[in-house]
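*Asks:* No letters, just coordinates:
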């Protein structure tokens, strides 16, 4: 394969010595869970985001579930979210017993349309859950309604900004993923929750350790979901490079856009936004043909996501969602295509992707 989807070996190789040094220190400390490394990472990540609290948890999915629990979402409540996202966004809502209510997306940004969110509000709406898809901040400020909390799904958008505010500080609480392919990645699973609320932070601290208020005293039913000390140490090393890496992604994105905007719909960066391009996603009515052509040329392309959430079996069977309800999400699912984009790409690889796309269209 000439252009892989990511190159984790190349990214992590430069940190091997630092990683091994952190491992040795951790072994000597004996603090493997909820230790000083996690506290240091949580403090540094909170500073990076511009929030009071970040709490490390086991995964991005756990971050969503614990956030919903901290917001007291339960059976009978409704959570408004997007039908065009990764399954975990919707799965988390169902895991706490609530009902996902979908609102359609903006066809240019693929993020939730605030007008559609407002139309979906009911007396049962407890939370609005926008996803900062592909690395671009959603219009969270236009999804604020009295008495309804906002939970940001920021799994794909660490470092993104809307105006002067960083993703993770726009809502009441936010969920992050450190899955190995993310812009800020662990060497395994990991996640975090950010909030300015002391109350929510305290609830999440308890929820992640079996609702423990003090040793062997439990106030409810919680989870075993902690970001372990080793992953926290690795993330502390990589956090120092996140801004540089995001800038590199933006440079590659600009190259793609300048070369391809006459052939396909290229990503639109909203005015005032700072897009971090976790994915560089184009759309074309000839998507499936283009996918096959690029793969034959050794370009690893991906489709995020081919089946909208409302058409996934658990949503159809349990809630009766059907085809045609969210036309923009359905159309996007048939037309989107993500090109390789990661900081370790060589210039020749970027040029090869451009050349391959243009040759498909006979240009």
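*Replies:* Looks like it came in fine. Owing to the predicted nature of the structure, the values given are computational and were not obtained by experimental measurement.
*Asks:* where does residue 338 land in three-state SS?
*Replies:* Following DSSP: H, G, I helix; E, B strand; the rest coil, we place residue 338 in the strand state.
*Asks:* Can you read off the pLDDT for it?
*Replies:* Turning to residue 338, the model gives it a pLDDT of 98.
*Asks:* Just confirm it contacts residue 304, I think it does.
*Replies:* Yes: here residue 338 reaches residue 304: they are 5.5 Å apart, a contact under Cβ atoms under 8 Å. Using the backbone N, CA and C atoms, a C-beta is placed for each residue, glycine as well.
*Asks:* Identify the contacts common to those two.
*Replies:* Counting by Cβ atoms under 8 Å, 6 or more residues apart in numbering, the common neighbours of residue 338 and residue 304 are 134, 279, 281.
*Asks:* Surely the second one and residue 155 touch.
*Replies:* No: taking Cβ under 8 Å as the definition, residue 279 is not a contact partner of residue 155, at 11.7 Å.
*Asks:* Between those two, point out the one with more neighbours.
*Replies:* For residue 279 versus residue 155, the count of surrounding residues by other Cβ atoms under 10 Å is larger for residue 155: 27 against 23.
*Asks:* Relative to residue 154, how far out is the residue nearest to the more buried one when sequence neighbours are not counted?
*Replies:* Using Cβ to Cβ, 6 or more residues apart in numbering and skipping the chain neighbours, the partner closest in space to residue 155 is residue 177 (3.8 Å). Per Cβ to Cβ, to the nearest Å, residue 177 is found 8 Å from residue 154.
*Asks:* How about the secondary structure of the spatially closest residue to residue 111 that is not a sequence neighbour?
*Replies:* Closest residue to residue 111 apart from its sequence neighbours, by Cβ to Cβ, 6+ apart: residue 138 at 4.1 Å. With three-state DSSP as the basis, residue 138 sits in coil.
*Asks:* so what's residue 138 up against?
*Replies:* 109, 111-112, 130-132, 152, 162.
*Asks:* how about a cut-off of 7 Å?
*Replies:* Listed by Cβ atoms under 7 Å, 6 or more residues apart in numbering, the contact partners of residue 138 are 111-112, 130-132.
*Asks:* check contacts around residue 106.
*Replies:* Counting by Cβ under 7 Å, 6+ apart, residue 106 makes contact with residue 113.
*Asks:* In the contacts of residue 138, find the pair that's most separated.
*Replies:* With Cβ to Cβ as the measure, no two of the contacts of residue 138 lie farther apart than 112 and 132, at 9.9 Å.
*Asks:* Could you tell me the average pLDDT over the helix or strand encompassing residue 26, please?
*Replies:* According to DSSP states H and E, residue 26 maps onto helix 16-29. Taken as a whole, helix 16-29 has a mean pLDDT of 95.
*Asks:* List the buried residues in it.
*Replies:* 19, 22, 26 (16 or more other Cβ atoms under 10 Å).
*Asks:* Just to be sure, residue 349 is in a helix?
*Replies:* Yes: with three-state DSSP as the criterion, residue 349 is part of a helix.
*Asks:* Now the phi/psi pair for the nearest residue to it once chain neighbours are set aside, please.
*Replies:* Once flanking residues are discounted, residue 349 sits nearest to residue 3: 4.7 Å by Cβ to Cβ, 6+ apart. With angles defined as degrees, to the nearest 10, residue 3 sits at phi -130, psi 100.
*Asks:* now do residue 223
*Replies:* When read as degrees, to the nearest 10, the backbone of residue 223 gives phi -140, psi 170.
*Asks:* Count the neighbours of the nearest residue to residue 31 once chain neighbours are set aside for me.
*Replies:* Leaving aside its sequence neighbours, residue 31 sits nearest to residue 229 (Cβ to Cβ, 6+ apart; 5.7 Å). Residue 229 sits with 25 neighbouring residues when counted by other Cβ under 10 Å.
*Asks:* Quick check, residue 229 in contact with residue 26.
*Replies:* Yes: contact criterion Cβ atoms under 7 Å: residue 229 and residue 26 qualify, at 5.7 Å.
*Asks:* Report the set of residues contacting both of these two.
*Replies:* Common neighbours of residue 229 and residue 26, counting by Cβ under 7 Å, 6+ apart, are 32, 37.
*Asks:* Where does residue 192 sit, in terms of helix or strand?
*Replies:* Assigned by DSSP H and E, residue 192 falls in strand 191-195.
*Asks:* I'd guessed residue 290 sits against residue 360; true?
*Replies:* Yes: between residue 290 and residue 360 a contact is recorded at 5.6 Å, counting by Cβ under 7 Å.
*Asks:* While we're on the residue nearest to residue 111, how confident is the model there?
*Replies:* 98.
*Asks:* Hmm, residue 109 and residue 268 touching each other?
*Replies:* Yes: with contact defined as Cβ under 7 Å, residue 268 and residue 109 form a contacting pair (5.9 Å).
*Asks:* Identify the residues contacting the residue nearest to residue 31.
*Replies:* Contact analysis of residue 229 by Cβ under 7 Å, 6+ apart lists 26, 31-33, 35, 37-38.
*Asks:* Quick check: the residue nearest the centre of the chain vs residue 184, distance?
*Replies:* Closest to where the C-alpha atoms of the chain average out (Cα atoms, centre = their mean) is residue 155, at 1.9 Å. Distance from residue 155 to residue 184, counting by Cβ to Cβ: 11 Å.
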